[in-house]
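>>> Requesting a structural model of the entry that follows:
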Amino acid sequence: MLRTVSAGISAAFLALALSAPAVAAGDPANGQKLFKNCAACHSLDEGKKKVGPSLYKIFGATPGQVAKFRYSKGMVAYGATGVVWNEETLDAWLKKPKDLVKKTKMAFPGFKKEQDRADVIAYLKNLSE
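Residues are numbered from 1 along each chain as shown. Here you go, the predicted model:
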């Protein structure tokens, strides 16, 4: 009986873990505040580049593809793999950009806190809709 109950609990935890979101729920208002770290190099206006490319409607976009922006070869190659910017890819990028794209030109070291990344992602997602 104990073995059956234990197996049932294990199965329930596994089902819960598999159904949990990969990225924490974010607070777009806090994400807007945190975006100030990004705003020195990135614009949210369509076609307006700074040191970095515009992040206008980034969700669903292919990395390394903003027109008239000169990306690193690493970022162009990453985009050529068929990935798009979504919660998971942005979370990996914002955590530590150089771990995702080895030869990126982006100097930002990343957001260490998972909640900070989730908040920035929520903010960017709201702007992309």
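>>> Downstream of the helix or strand of the chain with the lowest mean pLDDT, the next helix or strand is which one?
None of the helices or strands of the chain scores lower by mean pLDDT, DSSP states H and E than helix 2-19, at a mean of 41. As assigned by DSSP states H and E, the chain's next helix or strand after helix 2-19 is helix 28-34.
>>> what does that following helix rub up against?
Residues from elsewhere that reach helix 28-34 (CB atoms under 8 Å, 6 or more residues apart in numbering): 111, 116, 118-126. Every C-beta, even on glycine, is put in place using the N, C-alpha and C of the backbone.
>>> run the last query once more with 6 Å
116, 119-120, 122-123, 126 (CB atoms under 6 Å, 6 or more residues apart in numbering).
>>> could the residues you listed go into TSV alongside neighbour count, distance to Leu100 and pLDDT?
Converted to TSV, these look like this (neighbours: other CB atoms under 10 Å; distance: CB to CB, whole Å; pLDDT from 0 to 100):
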residue	neighbour count	distance to Leu100	pLDDT
Asp116	21	17	98
Asp119	24	19	98
Val120	25	15	98
Ala122	21	20	98
Tyr123	22	20	97
Asn126	14	23	95
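>>> Which of those sits closest to Lys105?
Of all the contacts of helix 28-34, Lys105 sits closest to Val120, with 19.6 Å by CB to CB.
>>> where's Glu46 relative to Asp27, distance?
Glu46 sits 25 Å away from Asp27, going by CB to CB, to the nearest Å.
>>> correct me, but Glu46 touches Tyr56?
Yes. With contacts counted by CB atoms under 6 Å, Glu46 reaches Tyr56, the gap being 4.3 Å.
>>> more neighbours, the two?
The residue with more neighbours, out of Glu46 and Tyr56, is Tyr56; 17 against 9, by other CB atoms under 10 Å.
>>> Just confirm that one contacts Gly47, I think it does.
No. Counting by CB under 6 Å, Tyr56 sits too far from Gly47 to count as a contact (7.4 Å).
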